[in-house]
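1. What follows is a protein structure lacking sequence information:
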Ligand code: GLC
């Protein structure tokens, strides 16, 4: 059995590699996560009073685009509407719960998409499929599905090219008829090149779906390589993760990822051929969170050091190369890049410096014997390499004194 070839839009999506997820809505004003209405159960009217204080005065779409670019990200997925049912875009009367009925009045999705187009970032749209505040969701299923399609049609036709749609919520009623075929038809009609994703949720990571779905999701997990043998369609994979423990901002959530952790998650996603979509939750009125912005800028220094947007992180694909531990290889055209992880030793840096002449080898299997030379991508220094019978021994040593890049990439040449 063979594996199908990816459609052009799907391999283009895989090349994007690293994206920024943005969860922002009315809930951001409460700063207790995006599920706060569900858990605290205020009355609907009380909750929706948050619309009266939604000014978006701190939202600057160009700054958001800059943050993503600085991190080495190539796309942004914005929650145009989350489960609370409030739209960051002008629904043109389809719903009362949209940004035009707040003091803000600006169409924030328009600002977002235009800033992405200006900045060379691919705009993607997250859209809930469930709705806590639209009565049709409970009492008029077909009417609700028509409303959802009409909403998506507006997004498809109002703002120019959209890179993709990321749906979320079908897991809430696994047995319902979500009319996904009709929904995806709307997208294919107006935005045939858009990627379609429909989050299968934490309990069903990596599960396939309708034939129009272009990428499977791994919400907060390690993506598994996808077995595509005999599959009717090549689907991409995307792992989404958040910088702390909530998607929407949460003032008392201190459980933040470090830049090192994000670098590793990015590399391990690529090892499985998946994209990484890393989330931030802007503040009440759309300001960019300080810690996450700084941490992602650090990650961006690392991606820039490892080939930037033309480096193996983006164009690299899994190949037959295997290794011990967390190490792995990615192929770009006929070039090979070996990712070396966990080079850090727990001794202090002075001890490490005096010790760094010691050889320390890593083994990779499935490497073509025509590769003769290896060098570190971050500084061009040569690395001892010996390839025999498909087994490469790479003398990785330890980090030179004054450095620790978390994951180091060796570039092999012939
Ligand atoms: C979940 C949650 C949601 C979040 C999403 C992101 O399914 O319902 O709040 O938007 O995951 O992956």
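-> Now that the structure is in, tell me what you want to look at. Only a predicted model underlies this, so the values are computations on that prediction, with no experimental measurement involved. Residues are numbered from 1 along each chain as shown.

2. alpha carbons only for contacts and neighbour counts from here, please
-> Fine.

3. hang on, residue 375 packs against residue 382?
-> Yes. Between residue 375 and residue 382 there is a contact under Cα atoms under 8 Å: 4.3 Å.

4. Neighbour count: those two, which is higher?
-> Each of residue 375 and residue 382 has its neighbours counted (other Cα atoms under 10 Å); residue 375 has more, 19 against 16.

5. mind listing what the more buried one touches?
-> The contact partners of residue 375, by Cα atoms under 8 Å, 6 or more residues apart in numbering, come to 381, 382, 383, 410, 411, 412.

6. for residue 71, same thing?
-> Residue 71 neighbours (Cα under 8 Å, 6+ apart): 296, 297, 298, 299, 300, 301, 303.

7. let's see 10 Å
-> By Cα atoms under 10 Å, 6 or more residues apart in numbering, the contact list for residue 71 reads 18-20, 293-304.

8. do residue 83 as well
-> Neighbours of residue 83 in contact, by Cα under 10 Å, 6+ apart: 25, 34-35, 37-38, 127-134, 168-169.

9. Quick one: distance of the helix ranked longest in the chain to the chain centre.
-> Longest helix in the chain, counting residues (DSSP state H): helix 141-158. Here helix 141-158 is found 25 Å from its chain centre; the criterion is Cα atoms, centre = their mean, to the nearest Å.

10. Does anything pack onto it? Which helices or strands?
-> For helix 141-158, the elements it packs on are strand 75-81, helix 108-119, strand 122-128, helix 136-139, strand 164-168, helix 180-190, judged by 3 or more Cα pairs under 10 Å, 6 or more residues apart in numbering; DSSP states H and E.

11. From the ligand, how far off is the closest residue to residue 407 other than its chain neighbours?
-> Closest residue to residue 407 apart from its sequence neighbours, by Cα to Cα, 6 or more residues apart in numbering: residue 341 at 4.7 Å. To the ligand, residue 341 is 27 Å away according to Cα to the nearest ligand atom, to the nearest Å.

12. surely residue 341 meets residue 261?
-> No. Between residue 341 and residue 261 there is no contact under Cα atoms under 10 Å: 11.9 Å.

13. Between the two, which contacts overlap?
-> 267, 406.

14. Compare these two and say which is more crowded by neighbours.
-> Each of residue 341 and residue 261 has its neighbours counted (other Cα under 10 Å); residue 341 has more, 18 against 14.

15. now that one: how far from residue 384?
-> 17 Å (Cα to Cα, to the nearest Å).

16. Ok, residue 82 next?
-> 52 Å.

17. So which of these two has more stuff around it?
-> The neighbour comparison of residue 82 against residue 384 (other Cα under 10 Å) goes to residue 82, with 27 against 15.
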